[in-house]
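# Using only what follows, build the 3D model:
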Amino acid sequence: MNNSNLFSFSIINNGDDKYYPLLENFKKHLSKLDILSEHKIFEVEGNTGHYNDNNFNSIVYEKLKYTEKKLKENKIVFCCDLDIIFLQDPVNYLYEQLSDCDIVFQRDNSRKCTGFFMAKPSSLTIDLFNIDNYKLKSTGGKCDQSYINEKLRSAKYSKLKIKLLDNDLFPNGDYWFNKHKKIIDPFVIHYNFLSNFELKIEKIKEDNFWLI
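So this is what the prediction gives:
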């Protein structure tokens, strides 16, 4: 696969200045490793929200819109949240994993994580990230991750080849907080499973990954 065909991006809510330190720390880690020089940051219109409320969901669904748009342009899409710390360049490794599948997801315990994934363009991946079916996300508990995981349980997507990343190489927050003493050399750490941005920043600082 050709790296020039890669589209990598993250989103941030432009209505909440409190999250911009996370963005600056994220960018520092990318710069330190000299990776993803073309990584795009999209500012999304929205108001502050808590996990799974309407304001939160209206923002995170933008990840799916950008993913679908770029897949339609025949791009390989790499999406990652801003509470992710890059310790090694994961792109070539993810490309290798993607060589025999359609989507590579970070594990989020029993679910596929929509905060860190890489997807190849195909009719099925484009359809998966389409959000026209608003019925699936019309009630509480229907954030973008719930939406994608619910769709993946449908027989329609049974032919999609999906690979889940090794927890020790790509730990989510829950796994990292409980197992980090046994994790030797991860590519990234995702500081999710924390209720607000203050706790994310506090934990990142405790682990000496705060660079600003």
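
# Can you give me the pLDDT of residue 136?
Residue 136 carries a pLDDT score of 53 in this model.

# Ok, residue 53 next?
Reported pLDDT at residue 53 in the predicted model: 56.

# With the one 5 residues further on instead?
Looking at residue 58, its pLDDT reads 71.

# Next: residue 14.
As summarised for this prediction, residue 14 has a pLDDT of 82.

# Skipping adjacent residues, who's closest to it in space?
Of all residues not flanking residue 14 in the chain, residue 43 sits nearest, at 4.0 Å (Cβ to Cβ, 6 or more residues apart in numbering). Any C-beta I mention is one placed from the backbone N, CA and C, and that applies to glycine too.

# The one you found falls within a strand, correct?
Yes: according to DSSP: H, G, I helix; E, B strand; the rest coil, the state of residue 43 is that of a strand.

# how near is it to residue 59?
Residue 43 sits at a distance of 10 Å from residue 59 (criterion: Cβ to Cβ, to the nearest Å).

# Show me the common contact partners of these two, please.
With contacts defined as Cβ atoms under 8 Å, 6 or more residues apart in numbering, the residues adjacent to both residue 43 and residue 59 are 11, 13.

# those helices in the chain, which residues are they?
20-33, 54-72, 91-98, 123-129, 144-152, 173-179, 197-206 (DSSP state H).

# TSV for those, including distance to residue 6 and mean neighbour count?
Formatted as TSV, the entries for those read as follows, by distance: least, Cβ to Cβ, whole Å; neighbours: other Cβ atoms under 10 Å:
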stretch	distance to residue 6	mean neighbour count
helix 20-33	14	16
helix 54-72	10	19
helix 91-98	7	16
helix 123-129	15	18
helix 144-152	20	19
helix 173-179	26	17
helix 197-206	26	15
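
# Columns distance to residue 85 on top of these, output as CSV?
CSV is the format used below for the helices of the chain (distance: least, Cβ to Cβ, whole Å):
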stretch, distance to residue 85
helix 20-33, 6
helix 54-72, 19
helix 91-98, 16
helix 123-129, 25
helix 144-152, 20
helix 173-179, 10
helix 197-206, 7
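
# Ok, which of those comes nearest residue 105?
Proximity of these to residue 105 was assessed by Cβ to Cβ; the nearest stretch is helix 144-152, lying at 8.9 Å.

# Show me what the closest one is packed up against.
Where contact means 3 or more Cβ pairs under 8 Å, 6 or more residues apart in numbering; DSSP states H and E, helix 144-152 is packed against helix 54-72, strand 111-119, helix 123-129.

# angle of it against strand 111-119?
Put simply, helix 144-152 runs at 90 degrees to strand 111-119, going by axes from the mean of the first three to the mean of the last three Cα atoms, to 10 degrees.

# quick one on the thing from earlier: quick one: the helices and strands packed on helix 144-152 as a markdown table, columns for distance to residue 173 too.
Formatted as a markdown table, the helices and strands packed on helix 144-152 follow (distance: least, Cβ to Cβ, whole Å):
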| stretch | distance to residue 173 |
| --- | --- |
| helix 54-72 | 16 |
| strand 111-119 | 10 |
| helix 123-129 | 24 |
